[in-house]
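**Q** this one's structure only:
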């Protein structure tokens, strides 16, 4: 298995302008800021990037922007999920053409495929690309659960090298490692710190859109330095952001926070709505708790 993919990876929001069009200038600035802040890797076109609300041309433009701006400073994985196997293969080919370091692929999210169907789906994709594949297990959105025994079967497929495990059950990290050994590198999806303690080699995080340096530091303290006291203290510091972007508002709260921080990325696209006014006090409290609340809130917020 390739081992260079490790650390905290930001699953990036997508930048839109005031008219709702993709804003490549803002996307490039945000990408460069993430890298300069010390993030270990980037993943555009995931769920947080609203990939289902974009055209194929827009997705290609965003992927190219992030890859070109990162310019090899950090790995870039492209979210390549789709309902139709052939569309996933096309997305993987696009990622390879643009110079991506890998792809992240959620299972088909409507057809609720069986285990045999999932195996065939990923076999066909893996046969069509040389890029490392990161499985994305998120039963809440995909309607299927990549259980540890199923992951062990998928790990036998060449190029299926990683998994983003996005349930709240961190014993999944332990069980996947036990069943797969070095055939599968596990990234936490929701429970970053807890996943590191159980042996995860990375974290695909939403909150690192807002605090890339701190979220990357949490991985280093835990996985590399083994300084669990310092890691636990940092974890408690960033918990307000982890909680803020959890649940249904992972896109809206992240974008609202970035606007307040002076990094406007536009509003979410329909059917998503901007963060409700009723949630603004919690947003402000979370940013204040981590020292990111300015004295004056920008008009965009």
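**A** Looks like it arrived, so ask away. What you are looking at is a predicted structure, and each value in this text was computed from that prediction instead of being measured. Numbers count the residues shown, from 1 in each chain.

**Q** What residues does the residue nearest to residue 75 when sequence neighbours are not counted make contact with?
**A** Here the nearest residue to residue 75 in space, its sequence neighbours aside, is residue 101; by C-beta to C-beta, 6 or more residues apart in numbering that works out to 3.9 Å. (Glycine included, C-beta is placed from N, CA and C.) Residue 101 makes contact with 5, 41, 75, 76, 77, 131, 132, according to C-beta atoms under 8 Å, 6 or more residues apart in numbering.

**Q** which of the residues you listed has the most neighbours?
**A** residue 77 (29 neighbours; other C-beta atoms under 10 Å).

**Q** Assign it to helix, strand or coil.
**A** Following DSSP: H, G, I helix; E, B strand; the rest coil, we place residue 77 in the strand state.

**Q** I'd guessed residue 179 sits against residue 153; true?
**A** No: Residue 179 lies out of contact with residue 153 (C-beta atoms under 8 Å); the separation is 9.4 Å.

**Q** just the helices in the stretch 51-200 of the chain please.
**A** Applying DSSP state H, counting those that start in this stretch to the stretch 51-200 of the chain gives helices spanning 56-70, 85-98, 115-127, 139-142, 148-154, 171-180, 192-197.

**Q** Now mean pLDDT and distance to residue 35 too, for those, in a markdown table please.
**A** A markdown table is the format used below for the helices of the stretch 51-200 of the chain (pLDDT from 0 to 100; distance: least, C-beta to C-beta, whole Å):
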| stretch | mean pLDDT | distance to residue 35 |
| --- | --- | --- |
| helix 56-70 | 98 | 6 |
| helix 85-98 | 98 | 17 |
| helix 115-127 | 98 | 28 |
| helix 139-142 | 89 | 28 |
| helix 148-154 | 98 | 30 |
| helix 171-180 | 96 | 27 |
| helix 192-197 | 95 | 19 |
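
**Q** Which among the ones you listed is found nearest to residue 20?
**A** Closest to residue 20 of the helices of the stretch 51-200 of the chain is helix 56-70 (C-beta to C-beta; 11.1 Å).
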